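K.L.:
all I have is the shape, not the residue letters:
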């Protein structure tokens, strides 16, 4: 049809010098500096460590969410996966005499299994990720209510407590160290391995990926399982951190994990972004949350202001740019 | 008597309408007059400008020049809404029905009958739909049937009566009979002839020459975007038509071909026996080692589906394929790739390349297994190697490997798309429209590359809608007509005239 060379026209150049990841870190730094200046005691080492520790629970979930969003998927069921894994772990430790390691294994295994079920529905039943993961929430919530009568058994073990609260390495709380390990893995997965290349390809254009020989179903199974696994990990760490669990434990993480990904500059449509941005997004959310706690407004007001701030930041730099 | 009638009331007059796309003249200035009640056939090879012409008439594209006069009123160009108001309606080969809506809902889509307060007069519409359906002998169907449950032919009929019910003054039928059997074509023609007496005019495009001769009064021949002839249909016959449609300027872009006899003596690497797939009724052919086999014919006859079936991207519903001496059937694209088969799609922007990503990302995507270690880490030195080598092979013009392919020209994009597949060193290369929309210089490079690959023993099948490209590049060409192989041309027989003849006239039948 067209026989001309259009490369010369500058309008066709794509805006790639603009990196949302860098902007995410810049915004994070800005917010941190403003907070440190205006709130006493925020810029202390203790406060910093406290912030990192709180952020770890969200950050671990958001790592999995990044993988899924990058393949143009979404996992709304991370909230119920977090709860389910903590309930499963505490049940195992309360009832069977199998000890902490069985509890941990149960929590992680169930997390990964939920992810796998999501992937099977999405890859083979061709359900949209949004619908599939909402259905999973219903299933899990219903199941937990029946199985626990509304009150999960309080099983705990010192091992889990230490895992969540102690600092075995470099004075860093263990959960922060675990977040670091998860982050290194996720960065490798998305940006250094062939799986990441294919994940990003799938998120950019499914048809072209299939014609390039990408095994989309396998990739979705890996991606959603990792997302479920990380949500499960966060669930048992929170169980260890608090000593018990409850049936709405995971709820805040549903939207916050997605917000962390998007604030970190990853496109919600998939295919573009960087995992490092998600770390910035996570810290940004936690700092804002802390600030709002210090300012002392009602919890309803806090929710409202939080939502408003996320909107403002999204408007400032994470709007979708049409490339095609 | 009819003739005098034509002269008095020209319904539609095109004077000097033309269209170019990005510097390429798709249609040079054209004059055309269509009278009330005139049935006008439009004929030409792929890319002759038929579709462009009717898109100007139906307002899909604005005209670059000239005027379109309807009923004596001149317009510089039309919009689709204006065209409808003036009584111009079209039925296309690609169906435009909403598959989840019922037959009745589709027939009245956008012009629903309403009563007081905008209440839909569903019963009245159903009754009218049933009436129309009886006229085309679809009376046995319930107007409440969702359209997706109908056969392709039934859908095409529904689309036809939907257009007819809007009392068109000019009805454009663009391959609107392609899914119909002869009985259904007769029914449609019967209705058209009745409407002719009421003054309705028709512009008719069909790959079946006989239909044009059966229905139409006059005919216009286009070639290479240019008007060639318009005359009473009685003045045309098969042989002078082929003459008029062909004879395009042959450009010297093509590398020398090997002697056809020596090619035919080489071992057969691919034997396709009675292949059936979507839009492929039956295809049987062989491919020799290092041979370039072309697949031609008018667009949409199932050429692309043959390639996709071989590549595992379309279902194989019958037949037997032998590849390199072994029975072969790919259930998905990965299995085909493992068997050293590569497919280069026609639409590089949506089927092949990931536009926002770099040349590097795109090139290595299909070779990831080869350049990563056992844990799956991509080894960047090896990746660099293959990307550099491939950019050199076809001289991709880019600043560096990191440039997003979306920022490259069409020609350079196609080079990246080809490089990415060639990097796996396929033994069978399936190409779909390998030079569509790219500049002449790149075309030449691609032709030379393909011939060089063939000389190294790679077997190639290329689908192209450009007859000259098939003739210039291929050792042998299969022509597809109505989803079947309608002719095989090679050596002296491989001429534009024979190719066009096999594209529009059923052989041996």
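P.N.:
The structure has been received and is ready for your questions. The structure displayed is predicted, hence computed values, not measured ones.
K.L.:
residues in contact with the residue nearest the centre of chain B?
P.N.:
Chain B has residue B:299 as the residue nearest its centroid, 3.0 Å off, counting by CA atoms, centre = their mean. Under the criterion of CB atoms under 8 Å, 6 or more residues apart in numbering or on different chains, the neighbours of residue B:299 are B:46, B:465. From N, CA and C alone the C-beta is placed, and that goes for glycine too.
K.L.:
distance-wise, check the nearest residue to residue B:443 once chain neighbours are set aside relative to residue B:405.
P.N.:
The shortest distance from residue B:443 to any residue other than its chain neighbours is 4.6 Å, reached at residue B:435 (CB to CB, 6 or more residues apart in numbering or on different chains). Computed as CB to CB, to the nearest Å, the residue B:435 to residue B:405 distance reads 18 Å.
K.L.:
what does residue B:63 give?
P.N.:
34 Å.
K.L.:
which one's more surrounded, those two?
P.N.:
residue B:405 (28 against 24; other CB atoms under 10 Å in any protein chain shown).
K.L.:
what's the pLDDT at that one?
P.N.:
pLDDT, residue B:405: 92.
K.L.:
again, but for residue A:14
P.N.:
Residue A:14 is given a pLDDT of 37.
K.L.:
same check on residue B:93?
P.N.:
pLDDT, residue B:93: 78.
K.L.:
in contact with it, which residues?
P.N.:
B:174, B:175, B:176, B:178, B:300.
K.L.:
can you name the two of those residues that are farthest apart?
P.N.:
By the measure CB to CB, B:176 and B:300 form the most distant pair in these, at 12.8 Å.
K.L.:
which one's more surrounded, these two?
P.N.:
residue B:176 (25 against 18).
K.L.:
which non-adjacent residue is nearest the more buried one?
P.N.:
Residue B:176's closest residue in space is residue B:91 (CB to CB, 6+ apart), at 4.1 Å.
K.L.:
tell me which parts of the stretch 201-350 of chain B are close to chain A?
P.N.:
Contact residues (CB under 8 Å from any CB of the partner chain) of the stretch 201-350 of chain B with chain A: B:311, B:313, B:332, B:333, B:334, B:337, B:343, B:345, B:349, B:350.
K.L.:
got JSON lines for those residues, with pLDDT and secondary structure too?
P.N.:
Shown next, in JSON lines, are those (pLDDT from 0 to 100; DSSP: H, G, I helix; E, B strand; the rest coil):
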{"residue": "B:311", "pLDDT": "96", "secondary structure": "coil"}
{"residue": "B:313", "pLDDT": "94", "secondary structure": "coil"}
{"residue": "B:332", "pLDDT": "94", "secondary structure": "coil"}
{"residue": "B:333", "pLDDT": "95", "secondary structure": "helix"}
{"residue": "B:334", "pLDDT": "94", "secondary structure": "helix"}
{"residue": "B:337", "pLDDT": "95", "secondary structure": "helix"}
{"residue": "B:343", "pLDDT": "96", "secondary structure": "strand"}
{"residue": "B:345", "pLDDT": "94", "secondary structure": "coil"}
{"residue": "B:349", "pLDDT": "88", "secondary structure": "helix"}
{"residue": "B:350", "pLDDT": "89", "secondary structure": "helix"}
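K.L.:
please indicate which of these are buried?
P.N.:
B:311, B:313, B:333, B:334, B:337, B:343, B:345, B:349 (16 or more other CB atoms under 10 Å in any protein chain shown).
K.L.:
now do the phi/psi pair for the second one.
P.N.:
Same thing as residue B:313. phi -100, psi 0 (degrees, to the nearest 10).
K.L.:
now do the helices in chain A.
P.N.:
Here chain A has its helices, by DSSP state H, at A:20-38, A:45-70, A:78-95, A:99-123, A:129-148, A:158-165, A:174-187, A:194-204, A:206-211, A:216-242, A:253-263, A:275-295, A:299-317.
K.L.:
which of those helices sits closest to residue B:317?
P.N.:
Once these are compared by CB to CB, helix A:206-211 is nearest, at 19.7 Å.
K.L.:
from the contact counts, what lies against that closest one?
P.N.:
Here helix A:206-211 touches helix A:194-204, helix A:216-242, going by 3 or more CB pairs under 8 Å, 6 or more residues apart in numbering or on different chains; DSSP states H and E.
K.L.:
return the distance of that helix from the chain's centre.
P.N.:
In this view, helix A:206-211 has its centroid 26 Å away from the chain centroid, taken as CA atoms, centre = their mean, to the nearest Å.
K.L.:
what about residue A:93, distance to residue A:141?
P.N.:
22 Å.
K.L.:
pick out whichever of the two has more residues nearby.
P.N.:
residue A:93 (26 against 17).
K.L.:
what average pLDDT does stretch A:83-101 get?
P.N.:
Mean predicted lDDT for stretch A:83-101 stands at 86.
K.L.:
ok, stretch B:168-177 next?
P.N.:
For stretch B:168-177, the mean per-residue pLDDT is 94.
K.L.:
contacts for that stretch, please.
P.N.:
Outside stretch B:168-177, the residues touching it (CB under 8 Å, 6+ apart) are B:11-12, B:34, B:36, B:50-51, B:54, B:57-58, B:71, B:86-93, B:156, B:159-160, B:163-164, B:184-185, B:188, B:192, B:195, B:199-208, B:211, B:300.
K.L.:
from these, list just the buried residues.
P.N.:
Counted by 16+ other CB under 10 Å, those give B:11-12, B:34, B:36, B:50-51, B:54, B:57-58, B:86-93, B:156, B:159-160, B:163-164, B:184-185, B:188, B:192, B:195, B:200-208, B:211, B:300 as buried.
K.L.:
sort out for me which of the contacts of residue B:93 are in strands.
P.N.:
residue B:174 (DSSP state E).
K.L.:
ok, now how distant is the residue nearest the centre of chain A from chain B?
P.N.:
The residue lying closest to the centre of chain A (CA atoms, centre = their mean) is residue A:62, at 1.3 Å. Counting by CB to the nearest CB, to the nearest Å, the gap from residue A:62 to chain B is 22 Å.
K.L.:
okay, now residue 197: neighbour count?
P.N.:
Just going to use chain A. Neighbour tally, residue A:197, other CB under 10 Å: 22.
K.L.:
actually it's chain B I care about, not the one you picked
P.N.:
8.
K.L.:
so who does the closest residue to residue B:288 other than its chain neighbours touch?
P.N.:
Leaving aside its sequence neighbours, residue B:288 sits nearest to residue B:266 (CB to CB, 6+ apart; 4.3 Å). Residue B:266 is in contact with B:288, B:289, B:290, B:291, counting by CB under 8 Å, 6+ apart.
K.L.:
mind listing residues that contact the helix or strand of chain A with the lowest mean pLDDT?
P.N.:
Lowest on mean pLDDT, DSSP states H and E among the helices and strands of chain A sits helix A:299-317, with a mean of 80. Here helix A:299-317 makes contact (CB under 8 Å, 6+ apart) with A:20, A:23-24, A:27, A:259, A:262-263, A:265, A:284-285, A:288-289, A:292-293, A:297.
K.L.:
quick check: residues of the stretch 201-324 of chain A near chain B?
P.N.:
A:201, A:204-205, A:207-215, A:271-272, A:323-324.
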